[in-house]
Each structure stands twice: as C-alpha cells, then as structure tokens.
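Asks: Sequence first, predicted model second:
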Amino acid sequence: MLRSFGLNQLSAAEIIAERENVLKLLAQTTKEKMGKGNYTIDPATRYPFLAKSNDITRILETQIDSDNIENKSQRLPKWSNAVENFEFDHKCSLLKFCQHAVSSFKIKISNFKSSSWSDGRALAGLVARFRKDLINYFEISRNNDSSFIFNHVLSVLEEEYGISKPSLSIFITDNNEDDLIRYIEKVVNHLRRDAGFEAHMISATLRAVKPESRKRFIPRVAQGETIKR
C-alpha cells in the first residue's frame, strides 16, 4: 500500500479499494495456500488465490462521497523539494546541532519553544560548549533568575560577536519561533567560525574506547608445593 502511494500510479481511492479487496478475503487464506519462499512486496505473491480486481469498481464507489464519480482518478500531488521542505530540513539540522551541543550539560531541547529556552540555560550551555572562556555554565546555572542569565549571555554575545540583543519575548513565548530560530542560527554560525570549533566538533558517531589490555596474573607455584585455597 505504501509502495502504491509512492509510485503514484493510482489515485488514493483506488489504492484503498484495492487493499480492502485483498483484506476482505484474508481470513480465508491458510498456510497451504500461501506460496512459501516467494513473498515480495506485491500482495499477489503472498495470496495467489485471492480475487484480483473484480470488485475494485464497486468498492471504489463506496469510498467516494461525491456526486461526481470522476474524482476517483484524482491522484496525489507529486512530492517536490520545495522551499518549505528545505526550511524544515534546515530547522531540524539546527535543532539537532543544539541538542548535541548541550547534551553534556544534561539539558534537553525538544523544539524552539519556550519550554526548552525560557530559563536561559539552553542558550548558556550552547555558548559554553564551544567558548568556555566566555561563559562558565556551571557557575551561571546556579542562578535561578532567568532574566539575569539572559542578560549576561546576550551581553557577552553582543560584545564578542556583535549580535544585537533580541527581545526576551522570543525566548519566553511561543509566538516568535521564527525570530528565535534566526537568532540561534546567528549564534551557531559565529561559533562555527571560531578557531577552536573543530577541536570541539560534535561527531555523529560515537567513538568506542577500547579498554586497556590487562595482563593476566598467573601465580607461580614451586614444584612439589600444594596450592593453598
């Protein structure tokens, strides 16, 4: 069914009708009727004795609630790499970068909403991950005043990178998600251009640390001496 949607050779109504025709007789299928070892993604290979498409037209008419039955052949719109898809992928990539950056501080970022950024610790951890000389996360996180954390971090970023301070509303409300994403993107781009970024680069794969080989200690017993337990 998913393959049929992907091929986009049939309309959505025709695909559903075809699958309903197969499932209708599924209970009659036994192990003796199924072609063992010949399974493919095509249902006809798994259920060779089921009716093919005799009832497709009748089932199709019951699926469409319309006076114009010609709509049955309307196919799904083709998938394209539109601007919206690029923006979504870019947003996911930025979110993944932030999640990996602050994971060492045990900070969880699930989205670009106030639930993840309102306390200021996520932004402080993002900067401290690559610029410990600018932000001491463990020291600043002791303060429970989010306004103090934001003012300190935003002032440091403005002084170091020239990024103008945004309104605090983009961090504490959910109405300015686009503004928050643009600001975080500016911060990340400046952090990427820092000389020490490559030394702190986050790898997509985990490097397995091999344990040091230990020499097995074999006690030596003199000849003729019994082993004491």
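Replies: Perfect, thanks for sending it. Numbering: from 1, shown residues only.

Asks: from here on, contacts and neighbour counts on C-alpha atoms
Replies: Will do.

Asks: buried stuff in stretch 100-120?
Replies: Burial within stretch 100-120, assessed by neighbour count using 16 or more other C-alpha atoms under 10 Å, is assigned to 100-102, 105, 107, 109, 111-114, 116-120.

Asks: Stretch 123-132 now?
Replies: By 16+ other C-alpha under 10 Å, the buried positions in stretch 123-132 come out as 123-131.

Asks: What of stretch 166-177?
Replies: 170-172, 176-177.

Asks: Quickly check these for the two that are furthest apart.
Replies: Farthest-apart pair in the buried residues of stretch 166-177 is 172 and 177; separation 10.2 Å (C-alpha to C-alpha).

Asks: Find residues that contact each of the two.
Replies: Common contacts of residue 172 and residue 177 (C-alpha atoms under 8 Å, 6 or more residues apart in numbering): residue 113.

Asks: hmm, back to that, okay, the buried residues of stretch 166-177 in JSON lines with distance to residue 193, secondary structure and pLDDT next?
Replies: Shown next, in JSON lines, are those (distance: C-alpha to C-alpha, whole Å; DSSP: H, G, I helix; E, B strand; the rest coil; pLDDT from 0 to 100):
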{"residue": "170", "distance to residue 193": "25", "secondary structure": "helix", "pLDDT": "94"}
{"residue": "171", "distance to residue 193": "24", "secondary structure": "helix", "pLDDT": "95"}
{"residue": "172", "distance to residue 193": "28", "secondary structure": "helix", "pLDDT": "93"}
{"residue": "176", "distance to residue 193": "26", "secondary structure": "coil", "pLDDT": "89"}
{"residue": "177", "distance to residue 193": "25", "secondary structure": "helix", "pLDDT": "92"}
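
Asks: which one of those residues sits closest to residue 3?
Replies: residue 177 (35.6 Å).

Asks: quick one, what contacts the closest one?
Replies: Residue 177 makes contact with 112-113, 170, according to C-alpha under 8 Å, 6+ apart.

Asks: Domain ranges for the chain, per the record?
Replies: What automatic domain parsing lists as the domains of the chain is 2-73, 83-200.

Asks: Backbone torsions only: list them for the closest residue to residue 121 other than its chain neighbours.
Replies: Distances taken as C-alpha to C-alpha, 6 or more residues apart in numbering place residue 141 nearest to residue 121, at 6.5 Å, with adjacent residues excluded. Dihedral pair for residue 141: phi -70, psi -10, per degrees, to the nearest 10.

Asks: Can you name the next helix or strand after the helix or strand bottoming out on mean pLDDT in the chain?
Replies: Least confident helix or strand of the chain, by mean pLDDT, DSSP states H and E, is helix 56-63 with a mean of 58. Scanning forward in sequence from helix 56-63 by DSSP states H and E, the next helix or strand is helix 83-102.

Asks: Thanks again, I'm all set now.
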